[in-house]
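J.: could you look at this predicted model? Sequence included:
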Amino acid sequence: MSAFYRAVNWNRQKYLYDGALAGGVALYLAGFVGLSLRDPNATLETALIRGLGTGALVLLTVILAIGPLARLDARFLPLLYNRRHLGVTMCLLALGHAAFSLVQFHALGDVNPLVSLLTATADPARPGAFPFELLGLTALIILLVMAATSHDFWLATLSAPAWKALHMLVYVAYGLLIGHVALGSLQESPSPWPAALLLGSATAVFLLHLVAGWRERRGDRESAPGTDWVDVCRVDDIRESRARMAMVGGERIAVFRHQGKLSCVSNVCAHQNGPLGEGKIVDGCITCPWHGYQYRPEDGQSPPPFTEKIPTYSLRVFEGRVQVDPRPHPAGTRVEPVVIGTVDRRADGPAEDPFYVGYHPVPPPILGRAARNRTLALLCLTLLSAIGLAVFQEPAAPGTFEYGTVRVFRGQLREFPYPSLLVPAGGDDAGAARYTRHLLVAQGKHGAAGLARGMDGAWVEVRGTRIARPEREMLELGADAITETPPAPNVRMGIQIEPPYSLGVQRLTGEIVDSKCWLGVMKPNRGTVHRGCATRCLSGGIPPILMVSDSTGSTRHLLLTDAAGQPAPAWFRGLVGEAVTLSGEVIQDGDIAVMRVREVVVVGTR
Ligand code: HEM
Ligand code: FES
């Protein structure tokens, strides 16, 4: 292009923009995570997953809004130029969110995490059980394909129309992400504000496109083709070094005014179809506002050594009005400019115009006031959204996971229906001990049936990591964590435990959760967003629990088995994460209730 043109250029403006972008993202994440961790039960992993996901969606919303905003108000054009970097940043955040989610909710189970993501679904016909993660995955694939093909090599390889069509898929990705959040997190949100924010931003994007498109179409209609020459505008309507766009013969054209002459070219940049009429003339060349490709106004050719060409048009001035011949000349054809003789003195030269950000070494001030104000406004908006989204999160559930701390417990092992360790909690006069029951699970998303096999009633020493809520204790065991040992000397008569007795057949409504996550390993640990993880945990053998809340808000929990009282965690995995009504005999086994499920009465109504 011009002597100054460099396709990828790191200059001070770009550093400032990218610095503002990186700073904004860092502030957003720090704000979101900091506010989330005010909740003492919240975990860093979940705060990061949510911060990265919401950050990516906020950025995508901004990216989609910039196009129509720049069409409606030229002062947004500096942001348009930097959209590519916004896109890459958004993609990285989305990738981080997806990777963390995949690890947290699908790794360490009985199948490969990707297989788990694709298969741990419930019933797509019920909104509360929709496989919302698959919407996120499809959107991510689209965003990654777009990022991978954003390089000019792909533009040349795929051709401009195919490339443009591919990149229009960003709207499909946006729609999928709205679904991902609406059918996922919003199903559990106790506050209406996140839903209002999502709906508000999607509506704003839609309306901005509608208004910008309507404005453009109105402009197109005004200049509908006549018989020979199509009227475009008055000469005085075009400012120095700028253009007026119009629709002639079904194509968008741009009439440029420069140093007392008028020239007309196609409005479509040969690089990525950027709107040349929104650019301006720099160093005698029409300069595209998107990435700075340049064309000579008189023949539509890029200056040597570049070879891009765009079609040109003949034009004339008739009674002070600019008129264009709707038949295009082949790309690169020279058309003698129409001399109008007057130079427009309203011109804004490069020095005071912050418009060209990034590819042209304009003298200071580097970042114009308008661009700076808009960047700051966007930064404030993103921080406000971080505050809003972080504050309106559902409070994290109670529960402790003493990750990294291994303790030793001695007690009697119970193998059925699910392994547990009864740890004496002091003896009575006859030497019989009261006890604390610790449910036992293995590491990751696996039950402890294999570790406890054949050891029912044995006295053992167990090395494990404590997981606990006030109402129930659990231990996570590594391999070789159980060794047989003689009973504690103060437990002469064994552990005092009543024989199990029936509480009759009951019909109970609640939510099936996997006991390990529910007791404290995971936040969130129930509901739609946790469905994939709970499915994996149950198919790995973690004991299923029915969590029942009464009208006073207090909860009770029951271990679930099949109708014969046999452990059957995998059988319950399609029922997790939503309300279910189960019917079966309830057995009180010492300090824990067990429901022998005979029938699933209702699924999916809260
Ligand atoms: C493989 C792809 C993806 C997976 C497995 C996934 C998974 C998840 C999960 C499990 C949640 C709920 C997290 C929670 O509430 O703790 C979630 C929420 C969310 N995701 Fe994704 N996601 C994926 C892709 C994406 C992408 C590409 C974006 C955006 C560009 C995105 C944006 C969001 C947002 C905004 C939320 C709501 C955050 C909140 O709970 O406050 N996700 N996602
Ligand atoms: S579209 Fe990239 S320079 Fe015009």
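T.: Nice, I can see it. Ligands and ions are numbered 1, 2, ... in the order given.
J.: hmm, Thr465 and Thr405 touching each other?
T.: Yes: if you go by CB atoms under 8 Å, Thr405 and Thr465 touch, sitting 6.3 Å apart. All C-beta atoms are positioned from the backbone trio N, CA, C, and that covers glycine.
J.: more crowded one of these two?
T.: Thr465 (20 against 9; other CB atoms under 10 Å).
J.: in the sheet, who's paired with that one?
T.: Note on Thr465: beta-bridge partners by DSSP bridges are Glu476.
J.: quick one: residues contacting it.
T.: Applying CB atoms under 8 Å, 6 or more residues apart in numbering, we find Thr465 in contact with 401-407, 475-476.
J.: okay, those in JSON lines with distance to Thr149 next?
T.: Formatted as JSON lines, the contacts of Thr465 follow (distance: CB to CB, whole Å):
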{"residue": "Phe401", "distance to Thr149": "42"}
{"residue": "Glu402", "distance to Thr149": "47"}
{"residue": "Tyr403", "distance to Thr149": "41"}
{"residue": "Gly404", "distance to Thr149": "43"}
{"residue": "Thr405", "distance to Thr149": "48"}
{"residue": "Val406", "distance to Thr149": "49"}
{"residue": "Arg407", "distance to Thr149": "53"}
{"residue": "Leu475", "distance to Thr149": "50"}
{"residue": "Glu476", "distance to Thr149": "45"}
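J.: of those residues - the most surrounded one?
T.: Leu475 (25 neighbours).
J.: among the contacts of Thr465, which are in strands?
T.: Among the contacts of Thr465, DSSP state E puts 401, 407, 475-476 in strands.
J.: apart from its chain neighbours, what residue comes closest to Leu27?
T.: Leu383 (6.0 Å; CB to CB, 6 or more residues apart in numbering).
J.: quick check on Glu394: phi, psi?
T.: Dihedral pair for Glu394: phi -70, psi 140, per degrees, to the nearest 10.
J.: so what's the residue count around it?
T.: 16.
J.: secondary structure class for Ala270?
T.: Following DSSP: H, G, I helix; E, B strand; the rest coil, we place Ala270 in the coil state.
J.: separation between it and Ser159?
T.: Per CB to CB, to the nearest Å, Ala270 is found 11 Å from Ser159.
J.: more crowded one of the two?
T.: Ala270 (22 against 10).
J.: what helix or strand is the residue lying closest to His167 once chain neighbours are set aside on?
T.: Using CB to CB, 6+ apart and skipping the chain neighbours, the partner closest in space to His167 is Met146 (5.8 Å). Secondary structure from DSSP states H and E places Met146 in helix 132-148.
J.: who's in contact with Thr333?
T.: 299-300, 311-312.
J.: widest-spaced pair of those residues?
T.: For those, the farthest-apart pair by CB to CB is Asp299 and Pro311; their separation is 10.5 Å.
J.: so what's the residue most central in space within the chain scoring on pLDDT?
T.: In the chain, the C-alpha nearest the mean C-alpha coordinate belongs to Gly53, at 3.6 Å (CA atoms, centre = their mean). For Gly53, the pLDDT comes out at 96.
J.: sec struct for the residue lying closest to it once chain neighbours are set aside, please.
T.: Excluding the flanking residues, the one nearest Gly53 by CB to CB, 6+ apart is His97, at 4.0 Å. Under three-state DSSP, His97 falls in the helix class.
J.: try Leu118
T.: helix.
J.: just checking, it touches Leu134?
T.: Yes: between Leu118 and Leu134 there is a contact under CB under 8 Å: 7.3 Å.
J.: pick out whichever of these two has more residues nearby.
T.: Leu134 (18 against 15).
J.: roughly how far apart are the more buried one and Met522?
T.: For Leu134, the distance to Met522 - CB to CB - is 20 Å.
J.: swap in Pro398?
T.: To Met522, Pro398 is 13 Å away according to CB to CB.
J.: over to Leu27?
T.: Leu27 is 28 Å from Met522, by CB to CB.
J.: so which elements touch the helix or strand hosting Phe409?
T.: For Phe409, the enclosing helix or strand under DSSP H and E is strand 407-414. Counting contacts by 3 or more CB pairs under 8 Å, 6 or more residues apart in numbering; DSSP states H and E, strand 407-414 packs against strand 420-427, strand 433-442, strand 459-469.
J.: one step back: now do the contacts for the residue nearest to His167.
T.: Contacts for Met146 (CB under 8 Å, 6+ apart) come out as 87, 91, 166-167, 169-170, 173.
J.: low pLDDT regions in the stretch 301-450 of the chain?
T.: For the stretch 301-450 of the chain, the stretches with pLDDT under 70 are 346-372, 374, 426-433.
J.: can you rerun that using 80?
T.: 341-379, 381-383, 385-386, 425-433 (pLDDT under 80).
J.: now do the helices in it.
T.: 369-391, 449-452 (DSSP state H, counting those that start in this stretch).
J.: most tightly packed of those?
T.: helix 449-452 (a mean of 19; mean count of other CB atoms under 10 Å).
J.: that one: how far from the chain's middle?
T.: The chain centroid and the centroid of helix 449-452 are separated by 39 Å under CA atoms, centre = their mean, to the nearest Å.
J.: hmm, who's touching that helix?
T.: By CB under 8 Å, 6+ apart, the list of residues contacting helix 449-452 reads 413, 415, 418-419, 440, 442, 477, 479, 481-482, 541, 567.
J.: stretch 396-404 too?
T.: By CB under 8 Å, 6+ apart, stretch 396-404 touches 39, 41-43, 46, 465-470, 476, 518-521, 523-526.
J.: contacts with ligand 1 among those residues, please.
T.: Restricting the contacts of stretch 396-404 to those near ligand 1 by CB under 6 Å from any ligand atom leaves 46, 524.
J.: count the neighbours of the nearest residue to Gly444 once chain neighbours are set aside for me.
T.: Spatial nearest neighbour of Gly444, excluding adjacent residues (CB to CB, 6+ apart): Leu108 at 3.0 Å. Number of residues near Leu108 (other CB under 10 Å) recorded here: 15.
J.: repeat for Val58
T.: So Val58, with other CB under 10 Å, has 23 neighbours.
J.: next, it: phi, psi?
T.: Dihedral pair for Val58: phi -60, psi -40, per degrees, to the nearest 10.
J.: OK, contacts around it?
T.: Here Val58 is in contact with 28, 201, 382, 385 (CB under 8 Å, 6+ apart).
J.: just the residues you listed now: which is nearest Arg556?
T.: Using CB to CB, these come closest to Arg556 at Ser385, 39.1 Å.
J.: which residues touch that closest one?
T.: 28, 54, 58, 197.
J.: enumerate the residues of the stretch 451-600 of the chain near ligand 1.
T.: 524, 529.
J.: chain neighbours aside, what residue packs nearest to Leu72?
T.: Ala212 (5.5 Å).
J.: with Arg242 instead?
T.: Leaving aside its sequence neighbours, Arg242 sits nearest to Lys280 (CB to CB, 6+ apart; 5.2 Å).
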